[in-house]
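K.L.:
pasting the sequence and the predicted model now:
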There are 2 protein chains.
Amino acid sequence: MTTEAPQGAAAQDAEWLRLDRQICFSLHAASRAFNGVYRVVLNELGLTYPQYLVMLVLWEHGETPVKKLGEHLRLDSGTLSPLLKRLEAAGLVRRERSTRDERSVEVRPTEQGAALRARALRIPRRVMSATGFTLEEIRDLHTRLDRLTTALDTTALEETPGCE
Amino acid sequence: MTTEAPQGAAAQDAEWLRLDRQICFSLHAASRAFNGVYRVVLNELGLTYPQYLVMLVLWEHGETPVKKLGEHLRLDSGTLSPLLKRLEAAGLVRRERSTRDERSVEVRPTEQGAALRARALRIPRRVMSATGFTLEEIRDLHTRLDRLTTALDTTALEETPGCE
DNA sequence: CGCTATTTGATTGTGCGCAATTGAGTTGTG
DNA sequence: CACAACTCAATTGCGCACAATCAAATAGCG
């Protein structure tokens, strides 16, 4: 399948594009497949996947300003503001302007939001069993993905890579 | 909150949630980071990441019906229809109803769309260098992600996992 | 104090992902 | 032929991601 024959540069370029198609499609597809599983599992809690991510942070850290939430999840206010409003409309969180700094908005789980945590406890194992991966493999994948994300975030994307 | 006591069931559950937060956040973040790099690189071609995926399929297979595109990329018409209209508006593809089956719409790259391929040839290496991964590692990650996606897609998500 | 720069969140606009519906075209059956 | 079942694409509606812009609050400096 791969470059077994010494081809021209054109054929090799085509090969690169084909490989790129496979790889970036893989990551894209894996992300959506994962999202799909969470959608099914989270459906009974009335949460979407990003909303679940927000609740996980709140369950772990309690009251958190929007700014901090954004740092934890790498999301900006354009995504968080409407999302948090929906969570507030669902009665799971409360948003209140900080008295010390009127620019800041504190988000904290309501009693109902905190109670939801009990029902969320079964989720991780259900999702993990759906992956068919062992805990070992999952941790390994987790490590690789973090390394990938860090590299992608820090790379300034020079104009000429000159790889090879 | 989290008792320091050597794992009651509650403490262990909390640990699962913490791990889940890390892992599902990792995948989410990696996907968006990857998307972000492609966004920068593809910007000069005037393509978004999913549009690039479509063009990759067209460059490799030529004229393709929408149905086939959806199978290749696991996307439905709700996503593809407006995306293809934008590609057509940009002059990169043409959409024509099949004469044999009036339900089907054939998508083929225009001359301009085909020409864009030459400028896309440098992309894979640029992105790969941004990841900091070797080709070996990328292929390995690719394999794992495909396995993950397959598992997630085929799992019927039984109600009671009974893991452990 | 007044003025500027920064921080913080909200808003707007564009594009993607997906479920649900619609509607035209095709196929199968009597 | 008539009629039902199916296929394929388009549309609609909602939510997320992100860039760009805006407004309010704060901090820093003369």
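P.N.:
Arrived safely, thanks for sending.
K.L.:
helix, strand or coil: sort out the closest residue to DNA strand D within chain A for me.
P.N.:
Proximity of chain A to DNA strand D (Cβ to the nearest atom of the strand) peaks at residue A:78, 2.6 Å away. Placement of C-beta: from N, CA and C, glycine included. In three-state terms, and counting by DSSP: H, G, I helix; E, B strand; the rest coil, residue A:78 is helix.
K.L.:
that one: neighbour count?
P.N.:
Residues contacting residue A:78 under the criterion other Cβ atoms under 10 Å in any protein chain shown number 9.
K.L.:
and what of residue A:89?
P.N.:
9.
K.L.:
if we can go back for a sec, I'd like the distance between the residue of chain A closest to DNA strand D and residue A:53.
P.N.:
16 Å (Cβ to Cβ, to the nearest Å).
K.L.:
hmm, stretch A:60-67 in reach of chain B?
P.N.:
Yes: judged by Cβ under 8 Å from any Cβ of the partner chain, stretch A:60-67 comes into contact with chain B at residue A:60.
K.L.:
average pLDDT for that stretch?
P.N.:
Averaged over stretch A:60-67, pLDDT sits at 97.
K.L.:
do the same with stretch A:19-38
P.N.:
The pLDDT scores in stretch A:19-38 average 91.
K.L.:
buried residues, that stretch. List them.
P.N.:
A:19-21, A:23-38 (16 or more other Cβ atoms under 10 Å in any protein chain shown).
K.L.:
out of those residues, which are inside helices?
P.N.:
A:19-21, A:23-38 (DSSP state H).
K.L.:
helix or strand with the lowest mean pLDDT in chain A?
P.N.:
Least confident helix or strand of chain A, by mean pLDDT, DSSP states H and E, is helix A:9-43 with a mean of 89.
K.L.:
next structured bit after it?
P.N.:
helix A:49-61 (DSSP states H and E).
K.L.:
that following helix to helix B:9-43, inter-axis angle?
P.N.:
130 degrees (axes from the mean of the first three to the mean of the last three Cα atoms, to 10 degrees).
K.L.:
can helix A:49-61 be found next to DNA strand D?
P.N.:
Yes: for helix A:49-61, a contact with DNA strand D is found by Cβ under 7 Å from any atom of the strand, at A:49-51.
K.L.:
name the member of those residues that has the highest neighbour count.
P.N.:
Going by other Cβ under 10 Å, residue A:51 tops these with 19 neighbours.
K.L.:
now do that one against residue A:82, distance only.
P.N.:
Distance from residue A:51 to residue A:82, by Cβ to Cβ: 11 Å.
K.L.:
before we move on, back to that, the ones in helices among the buried residues of stretch A:19-38 also near DNA strand C: which ones?
P.N.:
A:28, A:32, A:35-36.
K.L.:
nearest to residue A:106 among these?
P.N.:
When those are compared for distance to residue A:106 (Cβ to Cβ), residue A:35 wins out at 28.6 Å.
K.L.:
shouldn't that closest one be in contact with residue A:49?
P.N.:
Yes: with contact defined as Cβ atoms under 8 Å, residue A:35 counts as touching residue A:49 (5.3 Å).
K.L.:
where does pLDDT dip in chain A?
P.N.:
A:1-7, A:156-164 (pLDDT under 70).
K.L.:
quick check: residues of it near DNA strand D?
P.N.:
Near DNA strand D, when you scan chain A using Cβ under 7 Å from any atom of the strand, you find A:48-51, A:74-79, A:82-83, A:86, A:101-103.
K.L.:
which PyMOL command selects the buried ones in those?
P.N.:
In PyMOL, a selection of the buried entries from those looks like this (16+ other Cβ under 10 Å):
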select buried, chain A and resi 48+49+50+51+75+83
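K.L.:
how many residues are close by the closest residue to residue A:108 other than its chain neighbours?
P.N.:
Nearest residue to residue A:108, sequence neighbours excluded (Cβ to Cβ, 6 or more residues apart in numbering or on different chains): residue A:63, at 3.8 Å. Neighbourhood size, residue A:63 [other Cβ under 10 Å]: 13.
K.L.:
for DNA strand C, what are the nearby residues on chain A?
P.N.:
A:28, A:32, A:35-36, A:39, A:65-67, A:70, A:76-78, A:80-82, A:84, A:95, A:101, A:103-105.
K.L.:
before we move on, the earlier item: for the residues of helix A:49-61 next to DNA strand D, which one is nearest DNA strand C?
P.N.:
The closest of the residues of helix A:49-61 next to DNA strand D, once distances to DNA strand C are taken by Cβ to the nearest atom of the strand, is residue A:49, at 10.1 Å.
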